[in-house]
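K.L.:
this is a predicted model, with the sequence first.
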Amino acid sequence: MKQPIVTEVSFWDVIADIDAEMTRLSWDIEQGKAYLKANYGTHTRFRLNDEQLLGFRDYLISLPDKQVISLKLCLKTKLLSYSKRR
């Protein structure tokens, strides 16, 4: 049976990853606090346990770029307006 690969991750590396992902998504501090409060019952990353902190980071990583969302909305709007003309 294969053993899972376990790597040690620094708390500060995860915090840096979260900061980078929030920047990529154009999230401000208030958006991050609101997500943490709604999903973990706290407004700060420093009160999350390791599993929760990694879960928050992974959630942010899973989100598409704001630019991708804008492009999809733009294309969807164009497709809708095209189909209405037909």
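P.N.:
Nice, I can see it.

K.L.:
who touches stretch 11-18?
P.N.:
For stretch 11-18, the external contacting residues (CB atoms under 8 Å, 6 or more residues apart in numbering) are 32, 45, 50, 53-54, 56-57, 60-61. For glycine as for every other residue, the C-beta is placed from the backbone atoms N, C-alpha and C.

K.L.:
and it, what's buried?
P.N.:
For stretch 11-18, the neighbour count (16 or more other CB atoms under 10 Å) marks 14, 17-18 as buried.

K.L.:
ok, now stretch 38-49?
P.N.:
Result for stretch 38-49 [16+ other CB under 10 Å]: buried residues 40, 45, 48.

K.L.:
over to L60: give its phi and psi.
P.N.:
Here is the backbone geometry of L60 (degrees, to the nearest 10): phi -60, psi -40.

K.L.:
for it, give its distance to F46.
P.N.:
16 Å (CB to CB, to the nearest Å).

K.L.:
swap in I18?
P.N.:
For I18 relative to F46 (CB to CB), the value is 11 Å.

K.L.:
among the buried residues of stretch 38-49, which one sits closest to T23?
P.N.:
For those, the residue nearest T23 by CB to CB is R45; the value is 14.7 Å.

K.L.:
verify the stated contact: the closest one with R57.
P.N.:
No - using CB atoms under 8 Å, R45 is not in contact with R57, being 9.2 Å away.

K.L.:
show me where pLDDT drops low in this protein?
P.N.:
Counting by pLDDT under 70, the chain contains low-confidence ranges at 1-7, 67-86.

K.L.:
show me the buried residues of stretch 38-49 that map onto helices.
P.N.:
Y40 (DSSP state H).

K.L.:
between the buried residues of stretch 38-49, which sits nearest L25?
P.N.:
R45 (15.2 Å).

K.L.:
contact partners for that closest one?
P.N.:
R45 touches 15, 18, 32, 36, 53, 56, counting by CB under 8 Å, 6+ apart.
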